[in-house]
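Visitor: got a predicted structure plus its sequence, pasted below:
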Amino acid sequence: MSFLDEKMAEVDERFQIFSWNVNGVSQFLDFDTPKITSYFTSPSSSSVLTANDTSGGHNPLRKFLERHSWPEMLCLQEVKISPKDLATKRALEKAANDPGKRDGGPAYTAHFSLPTDRYNATGFGRKVHGVCTLIKTSLLPSSLIKEVNWDLEGRVLITEFSKWKLAVVNGYWVNGTSNPYHSSETGVVNGTRHDRKRHFHSLMLAEAKSYETKGWHVVLIGDMNIAPSLIDGHPNLRGGFEHVRNRKDFNEKFLSRNKDGMNGIDTFRYFHGGLRKYTYHGESAERWGENCDRVDLGIVSRSLVEKVRGALVGAEIWDSVEERGRSDHVPLSIILDVGRLEGADETYS
């Protein structure tokens, strides 16, 4: 029995969170587009096809959820949906479900934060950035899903579970570049995207600490557009003054032990030490492993390790061409035992 198997045998209430930068949702929506030949299929042959279809005609998104034992949450980044495109939002939720209920799996609902900034994230008809949280419908009565008022680029979506004092933050963090950043209120240039990235770090830290000061546990998960340490990049890390500065700022705010930061736990490193696995691989299967980074992370409050022992059960990076699909990133996951969070002592320092 593996270490993870031993841990799972002791779990009271398993809660699995997946995260995946999908680089657009078209890979899930194309499946539902009928081929022209389907309109010429006779009723009898159609019924035979349905009866013999052992896959249930499931969308790749539904198959992903089934393959990973129906996670409680799937946090998607870079969904690239226009905020006015209700049809695509409905189609994505449909893709996560099985209307015929033939696979025995749960129902999911989709929740979105999409770009509304008038001066940033305006390209391609606003089909840029955007996050979506898929959550089991059965969890909706005990959850609250909300956006934040400090981001208009469709980068942050928070799911609160008050009974566990748990906040899961699905984030597509700013990528640092020398391009100008415009004030979301006036449109005036206010530094570069590097400056905005570091300000985003400060805003996210304040958000996380606002929960922690109330005794809540925080999960930050998603594409953070930063590789924290030397072993997180191959063949090397992004260099240059601004990238080094961004990395230092990120580590000080979220991972380093200091009184002003989150002092968070990098879940993959917590379980796997110095193992080299990466989440960004590019889109070419032929060049797999040539240029890659671990920029998608799961960071949790230290309270989930030091206060409620056994609450953090596992973490993984699913680094294969199959799991990547048509994205340039692979998924990652963390497992919590939320049964240990109920009734836990509210004081923590």
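Guide: In hand now; what should we look at?
Visitor: element containing residue 157?
Guide: Assessed by DSSP states H and E, residue 157 sits inside strand 156-161.
Visitor: what's that strand in contact with?
Guide: 73, 75, 111-113, 131-133, 135, 139, 142-148, 166-172, 204, 207, 338 (C-beta atoms under 8 Å, 6 or more residues apart in numbering). C-betas here are computed from N, CA, C, even on glycine.
Visitor: then stretch 225-243?
Guide: Taking contacts as C-beta under 8 Å, 6+ apart, the residues outside stretch 225-243 that touch it are 173-176, 178, 192, 194, 197, 246-247, 250-251, 255, 266, 274, 276, 278, 289, 291-295, 297.
Visitor: one more time with 7 Å
Guide: 173-176, 194, 246-247, 250-251, 255, 266, 274, 276, 278, 292-295 (C-beta atoms under 7 Å, 6 or more residues apart in numbering).
Visitor: among the residues you listed, which are located in helices?
Guide: 194, 246, 247, 250, 251 (DSSP state H).
Visitor: quick one: residues contacting the third one.
Guide: With C-beta under 7 Å, 6+ apart as the criterion, the residues that contact residue 247 are 226, 228.
Visitor: that one and residue 98, how far apart?
Guide: 42 Å (C-beta to C-beta, to the nearest Å).
Visitor: whichever of the contacts of stretch 225-243 end up buried, select them in ChimeraX.
Guide: To isolate the buried members of those in ChimeraX, using 16 or more other C-beta atoms under 10 Å:
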select :173,174,175,176,194,246,247,250,251,255,266,278,292,293,294,295
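Visitor: which stretches of the stretch 51-200 of the chain have low pLDDT?
Guide: 51-57 (pLDDT under 70).
Visitor: circling back to that earlier point, what subset of the contacts of strand 156-161 is buried?
Guide: Buried, going by 16+ other C-beta under 10 Å: 73, 75, 111-113, 131-133, 135, 139, 143, 145, 147-148, 166-172, 204, 207, 338, out of the contacts of strand 156-161.
Visitor: those in helices, which ones?
Guide: Per DSSP H, the subset of these in helices is 204, 207.
Visitor: next step: the buried ones among the contacts of strand 156-161 restricted to strands.
Guide: 73, 75, 111-113, 131-133, 135, 145, 166-172 (DSSP state E).
Visitor: quick check, residue 294 in contact with residue 276.
Guide: No. If you go by C-beta atoms under 7 Å, residue 294 and residue 276 don't touch, sitting 8.3 Å apart.
Visitor: next up, the contacts around residue 97.
Guide: 62, 107, 108.
Visitor: pick the one among those closest to residue 24.
Guide: The nearest member of the contacts of residue 97 to residue 24, counting by C-beta to C-beta, is residue 62 at 17.8 Å.
Visitor: correct me, but the closest one touches residue 96?
Guide: Yes. Using C-beta under 7 Å, residue 62 is in contact with residue 96, at 6.1 Å.
Visitor: hang on, the earlier thing: and the contacts of residue 97, which are buried?
Guide: Among the contacts of residue 97, those classed as buried by 16+ other C-beta under 10 Å are 62, 108.
Visitor: okay if I get the contacts of residue 97 as a markdown table plus distance to residue 259 and secondary structure?
Guide: Listed next are the contacts of residue 97 as a markdown table, based on distance: C-beta to C-beta, whole Å; DSSP: H, G, I helix; E, B strand; the rest coil:
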| residue | distance to residue 259 | secondary structure |
| --- | --- | --- |
| 62 | 46 | helix |
| 107 | 44 | coil |
| 108 | 40 | strand |
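Visitor: list just the nearest of the contacts of residue 97 to residue 303.
Guide: residue 108 (28.3 Å).
Visitor: ok, now how distant is the closest one from residue 101?
Guide: Taking C-beta to C-beta, one finds residue 108 at 13 Å from residue 101.
Visitor: before we move on, what about residue 15?
Guide: 23 Å.
Visitor: who's more crowded, the two?
Guide: residue 15 (23 against 11; other C-beta atoms under 10 Å).
Visitor: just the pLDDT for that one.
Guide: Listed pLDDT for residue 15 reads 98.
Visitor: that one and residue 336 touch, don't they?
Guide: Yes. In terms of C-beta under 7 Å, residue 15 counts as a neighbour of residue 336; the distance is 4.5 Å.
Visitor: that older thread, which among the ones in helices among the contacts of stretch 225-243 gets closest to residue 220?
Guide: Ranked by distance to residue 220 (C-beta to C-beta), the ones in helices among the contacts of stretch 225-243 are led by residue 250 at 11.1 Å.
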